[in-house]
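Asks: Generate a structure from the sequence data that follows.
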Amino acid sequence: MNIHERNNTTGIEIIAVTLLTVGRAIANNLAVIYWLGYPPVRPFGYYQFTESLRGLYLIGLVLFIVSLRKESWTELGLTSRLWTRDFIIVLFLIFMTMLIWLPVTSLIEKLGVFAFDKPPTRPFVSPSTTAESLWICVSCILVGFGEELLIRGYFLSRLLRICRPVAGVIYSSLVFSAWHMPQGVTSVAYTFIFGLVYGWMFTKIRRLYPLVLAHSINDMIGFFWAYS
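Replies: Presented below is the predicted three-dimensional model:
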């Protein structure tokens with residue numbers, strides 16, 4: 001495959017991922033409002049099962065496509081783990097995301113930019129047993145792995161073939177944040193900042209595992225904070 005053909009194929013993949021993520025978010029938002037009302041409150045088991053299934057689907061889809069094309073998983077960032085370094089990167093990602101987000105959220109609250117946004121709501125019925133709490137952790141890991149594999153490992157690595165890192169990080173962050181439209185405007189803003197930090201880190205280390213772990217921990221903190 002020559003460079004021109006590869007760029008055309010990469011462009012198709014980028015469009016496909018954009019439609020998959022943004023289109024899914026719009027459809028999901030309309031569906032839950034129609035069937036569950038606003039705010040949509042899903043039964044615990046329904047929400048966790050569908051989230052776990054979504055994570056497995058994303059992981060399987062990306063690995064299948066890459067294997068089918070006989071490409072190296074290294075480009076996805078699936079390289080050997082460096083435990084100590086990865087742990088430091090995880091702490092850095094969580095710290096930097098919050099460091100940027102806290103003053104931003106304070107500013108937008110003062111400016112009233114998101115005054116039209118509805119208050120954050122709990123997406124599912126509260127967990128009632130230890131097993132259900134563990135299920136939250138498992139689904140966070142699966143979703144964190146799936147989203148990082150698709151957006152940073154697959155999507156951003158494709159963007160980096162045809163554009164500069166800054167443009168690739170910004171565009172992948174926009175797609176990632178649009179994917180979270182069902183969670184509200186504030187979530188879209190947060191995930192955009194989240195995507196910028198994680199995307200920038202991926203361009204520097206080209207390794208996925210620390211991003212997956214930090215993403216999973218971030219989601220766990222968010223869920224347990226909401227239900228505390």
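Asks: ok, for Leu159, nearest residue in space, not its chain neighbours?
Replies: For Leu159, ignoring the flanking residues on the chain, the nearest one in space by CB to CB, 6 or more residues apart in numbering is Gly168 at 3.6 Å. No exception for glycine: its C-beta is placed from N, CA and C like everyone else's.
Asks: With Ser52 instead?
Replies: Here the nearest residue to Ser52 in space, its sequence neighbours aside, is Ser139; by CB to CB, 6+ apart that works out to 4.5 Å.
Asks: Look up how far Phe223 lies from the one you found.
Replies: When distances are taken as CB to CB, to the nearest Å, Ser139 and Phe223 turn out to be 9 Å apart.
Asks: Okay, and the residue nearest the centre of the chain sits in which element?
Replies: The residue lying closest to the centre of the chain (CA atoms, centre = their mean) is Glu147, at 4.3 Å. Taking DSSP states H and E as the definition, one finds Glu147 inside helix 130-148.
Asks: Count the neighbours of the residue nearest to Leu159 for me.
Replies: Under the neighbour criterion other CB atoms under 10 Å, Gly168 is assigned a count of 22.
Asks: quick one, what contacts the closest residue in space to Arg81 that isn't next to it in sequence?
Replies: For Arg81, ignoring the flanking residues on the chain, the nearest one in space by CB to CB, 6+ apart is Tyr209 at 5.3 Å. Residues touching Tyr209, when contacts are defined by CB atoms under 8 Å, 6 or more residues apart in numbering, comprise 77-79, 81, 86.
Asks: what does Leu213 give?
Replies: Applying CB under 8 Å, 6+ apart, one finds that Leu213 lies in contact with 86, 90, 144.
Asks: 7 Å - rerun?
Replies: Under the criterion of CB atoms under 7 Å, 6 or more residues apart in numbering, the neighbours of Leu213 are 86, 90.
Asks: Could I get the buried residue list for the helix or strand hosting Leu91?
Replies: Using DSSP H and E, Leu91 sits within helix 83-111. For helix 83-111, the buried set under the neighbour-count rule, 16 or more other CB atoms under 10 Å, comprises 86, 89-90, 93-94, 96-97, 108.
Asks: got it, and stretch 207-226?
Replies: Of the residues in stretch 207-226, 207-220, 223 count as buried by neighbour count, 16+ other CB under 10 Å.
Asks: Which single one of those residues is nearest to Thr21?
Replies: Top of the list for closeness to Thr21, among the buried residues of stretch 207-226 and by CB to CB, is His215 at 15.2 Å.
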